[in-house]
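A.B. asks: here are the coordinates; sequence isn't available:
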């Protein structure tokens, strides 16, 4: 494992533009980006990707995009999204991907706050959502549109993506100073510096207006190399990009990390096609938010439930061995040689085929983050030979600041700080982070950055946590989300919610009780697992509204709440609950685009249901 000093040395002098050039020269014909699977797949090699980036860089320069400008991208996950992003950074501009779930007011806020000069839109859907705010953006100079059919007639601000691609040479009408030849493009490549701003990532704004997090080349390269050093994967690793491009995890894992290790990214534009994509790609690494891992676990459980009795018994024995090894490793204990040898044989023969059913039989690095993942889900996945390790961090820490590794982890914890990263616990339990992954500051309206660290470089995270004797960090809650009952008890809602979400019927759980006499909960049915559970239990309907009222479902949830309460103190225990059919989505208002709970919105949207539990 690399030391902090070794990582600092390996990062020194590197830039994303320089690494892209290295890949185009050293790994010219290796695949870089693929969209789709099977015969319909389209792939760009590293040399072709850089060629496309060069052509669009020249085009963006004709629009006057230059160092320090901001460029907003409102586009689905497709090859052009990566190309536009990388072209902007060659000009020293800051690209920023926007969530496709933003409301009109949220679009207006991000567009105005960023003072973007160029906007890249995909097609009719993006045009419909962005057009109402275009006249309210005084800094906007040009709108690039992929679909020429939606360009408004007579509006000179609009240009098509195809028309903007400028090949080497000097076509008529190109303004002076545009980098038209390959030599000029290399000059742009060399102009980037490690501490130069690279991108802006807007936070989801769960506790207020979104903030523009400015990250540098050094931030993202250090984060990427840290991941590779902590948990190794094969050379040129295969990965799948399926999360929103505005999410810090996808920006690191889908753009910067593959550039650092010359990996091969397959783009999955539709999250509903994630499983077929995983089966086609067999990725070497995979990151999922808890809901993704919960769905994969539910699918595997359903598959195991269909196996013949003899095969199921053999697999159950193998799972027991895998889980025993996982628990020993979680506790920091040595694995007896005979147990390790037994698991290796059982895994190859019985467990690996199970992982193959979800395309993760070649996965060397499985991470979960963004929210706590229920321990029963982690243990189930570990029992089929797919240990999932939790990480913790923020957009402001370029993603993961702490990482669980196969060598050092604990169930329910988020690992140790990465090499060169420091974490300290304040007197009130708040966690502070310092190190090379900490961002340069929040974007100001004038284009500058406002530092968020103290004079010693410590960043307050707003998370509450503790460190055990092995140096492993556990997150107990968000500082602003602590419930204080009217009896003065301080209660961490995420612990309660994690216990409630352990039941396969539950997709989301929300603990209620701030300034109230006792804790209650909203339970949201899982739109995929609930109908499967109903069928397995002889219930004819799969309709969520009907299931939310079904006596057998309510009886099962009564038991789930009672079981959760056994692990909670008296003040934390859930006294009443209500079932919400769901599903909850970013569009329905209860979740952020990264699937975190919007607590304030939930209290507003479900005020009458919550009030009924305190009547």
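C.D. replies: That came through fine. Quick caveat, the model's predicted, so the values are computed rather than measured. Numbering: from 1, shown residues only.

A.B. asks: same question for stretch 101-108, mean pLDDT?
C.D. replies: The average of the pLDDT scores along stretch 101-108 is 83.

A.B. asks: Off-centre distance for that stretch?
C.D. replies: Offset of stretch 101-108 from its chain centre (CA atoms, centre = their mean, to the nearest Å): 20 Å.

A.B. asks: Quick check: closest non-adjacent residue to residue 98.
C.D. replies: Nearest residue to residue 98 in three dimensions, chain neighbours excluded: residue 74, at 5.1 Å (CB to CB, 6 or more residues apart in numbering). For every residue, glycine as well, the C-beta is placed using N, CA and C.

A.B. asks: Phi, psi for the one you found please.
C.D. replies: Dihedral pair for residue 74: phi -120, psi 90, per degrees, to the nearest 10.

A.B. asks: Give the bridge partners for it, please.
C.D. replies: Residue 74 forms beta bridges with residue 121, as assigned by DSSP bridges.

A.B. asks: burial measure for it, as a count.
C.D. replies: When neighbours are defined as other CB atoms under 10 Å, residue 74 has 26 of them.

A.B. asks: Identify the residues contacting it.
C.D. replies: Counting by CB atoms under 8 Å, 6 or more residues apart in numbering, residue 74 makes contact with 98, 100, 119, 120, 121, 122, 126, 129, 130.

A.B. asks: out of those residues, which one sits closest to residue 278?
C.D. replies: residue 100 (22.1 Å; CB to CB).

A.B. asks: circling back to that earlier point, in the contacts of residue 74, which residue is surrounded by the most others?
C.D. replies: Within the contacts of residue 74, most neighbours by other CB under 10 Å means residue 120, with 29 neighbours.

A.B. asks: I'd assumed residue 72 was in contact with that one.
C.D. replies: Yes: counting by CB atoms under 8 Å, residue 120 does reach residue 72; the two are 7.1 Å apart.

A.B. asks: related to what we said a few turns ago, tell me how far the residue nearest to residue 98 lies from residue 595.
C.D. replies: 20 Å (CB to CB, to the nearest Å).

A.B. asks: same question, residue 72
C.D. replies: 23 Å.

A.B. asks: okay, the two: which has more neighbours?
C.D. replies: Set side by side, residue 72 and residue 595 show more neighbours around residue 72, with 27 against 21, by other CB under 10 Å.

A.B. asks: State whether the more buried one is indeed within a strand.
C.D. replies: Yes: the assignment for residue 72 by DSSP: H, G, I helix; E, B strand; the rest coil puts it in a strand.

A.B. asks: For it, which non-adjacent residue is closest in space?
C.D. replies: residue 116 (4.5 Å).

A.B. asks: Now do the contacts for that neighbour.
C.D. replies: Neighbours of residue 116 in contact, by CB under 8 Å, 6+ apart: 69, 70, 71, 72, 96, 137, 139, 140.

A.B. asks: can you do 10 Å?
C.D. replies: Listed by CB atoms under 10 Å, 6 or more residues apart in numbering, the contact set of residue 116 reads 69-73, 93-96, 98, 110, 137, 139-141, 200.

A.B. asks: now swap in residue 293 and tell me
C.D. replies: Taking CB under 10 Å, 6+ apart, one finds 286-287, 366-368, 373-374, 377-378, 380-381, 386, 388 in contact with residue 293.

A.B. asks: Flag every buried residue along the host helix or strand of it.
C.D. replies: Assigned by DSSP states H and E, residue 293 belongs to helix 290-304. Burial within helix 290-304, assessed by neighbour count using 16 or more other CB atoms under 10 Å, is assigned to 290-302, 304.

A.B. asks: before we move on, what about stretch 351-364?
C.D. replies: The neighbour-count check on stretch 351-364 (16+ other CB under 10 Å) flags 351, 352, 354, 355, 357, 358, 359, 360, 361, 362, 363 as buried.

A.B. asks: On the pLDDT front, check the closest residue to the fifth one other than its chain neighbours for me.
C.D. replies: Pointing back at residue 357 there. Closest residue to residue 357 apart from its sequence neighbours, by CB to CB, 6+ apart: residue 303 at 5.7 Å. Per-residue confidence (pLDDT) for residue 303: 88.

A.B. asks: who's in contact with residue 303?
C.D. replies: Contacts of residue 303 (CB under 10 Å, 6+ apart): 354, 357, 358, 384.

A.B. asks: How is this protein partitioned into domains?
C.D. replies: Here the domain parsing of the chain from automatic domain parsing is 4-278, 482-612.

A.B. asks: okay if I get the ones you listed as CSV plus distance to residue 401?
C.D. replies: Formatted as CSV, these follow (distance: least, CB to CB, whole Å):
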stretch, distance to residue 401
domain 4-278, 9
domain 482-612, 17
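
A.B. asks: if we compare these, which one ends up closest to residue 423?
C.D. replies: Of all the domains of the chain, domain 4-278 comes closest under CB to CB, at 13.5 Å.

A.B. asks: what's the closest of the contacts of residue 303 to residue 510?
C.D. replies: Relative to residue 510, the closest of these is residue 358; by CB to CB it sits at 28.4 Å.

A.B. asks: which stretch of helix or strand covers that closest one?
C.D. replies: Under the criterion of DSSP H and E, residue 358 resides outside all helices and strands.
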